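Trainee: need coordinates for the below:
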Amino acid sequence: MLKRLHAAAGSLALLTLLSFWISTAVAEGFLGWPAVVVVKGAIVNGLFVLVPAMAVTGVTGAVLSKGRGGGLVAAKTIRMKILAANGVLVMIPAALFLNFKATANEADALFFLIQAIELAVGAVQIAFLVKNARDGLRMSGRLSGRRAHV
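Mentor: Residues are numbered from 1 along each chain as shown. Model prediction:
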């Protein structure tokens, strides 16, 4: 049961982050400012899905890995710590700031600088979640192959 909850929460977190990233890229690249405003508001609302999903993923992962160390467990643990730090220090503040600027119709250089940072860090977050999912599948025996590196 705990393994399924961990996998479900991790999957939800990954899909939520992907939806944020893709929506931002499409809105800014193809749809124009009104769509950007809508997307930035939706992302802030989506934090109420993403943050609990990430928390459940981290807690269940810690419980499942208790007493295990090294290798894939260590790699997943390191990535989760980076994911958490990036989320708290960069992603959440950036989402709130970008929503504030978007709703105030302030499409200035600072908005686009923070947006670029958010997209770059978001890509790292997505890559780390994918690597953690891959390593989890390897640990469960559902995916064979070389051992993962950090």
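
Trainee: look up the closest residue to Asn86, ignoring the ones flanking it.
Mentor: Among residues not flanking Asn86 along the chain, Val121 sits closest, at 5.4 Å (Cβ to Cβ, 6 or more residues apart in numbering). To be clear about C-beta, it is placed using only N, CA and C from the backbone, and glycine gets the same treatment.

Trainee: do you know how far that neighbour is from Ala8?
Mentor: 24 Å (Cβ to Cβ, to the nearest Å).

Trainee: what of Val36?
Mentor: Val36 is 31 Å from Ala8, by Cβ to Cβ.

Trainee: repeat that for Gly87.
Mentor: Taking Cβ to Cβ, one finds Gly87 at 19 Å from Ala8.

Trainee: more neighbours: the two, which one.
Mentor: Gly87 (21 against 14; other Cβ atoms under 10 Å).

Trainee: distance check, that one against Ala53.
Mentor: According to Cβ to Cβ, Gly87 and Ala53 sit 11 Å apart.
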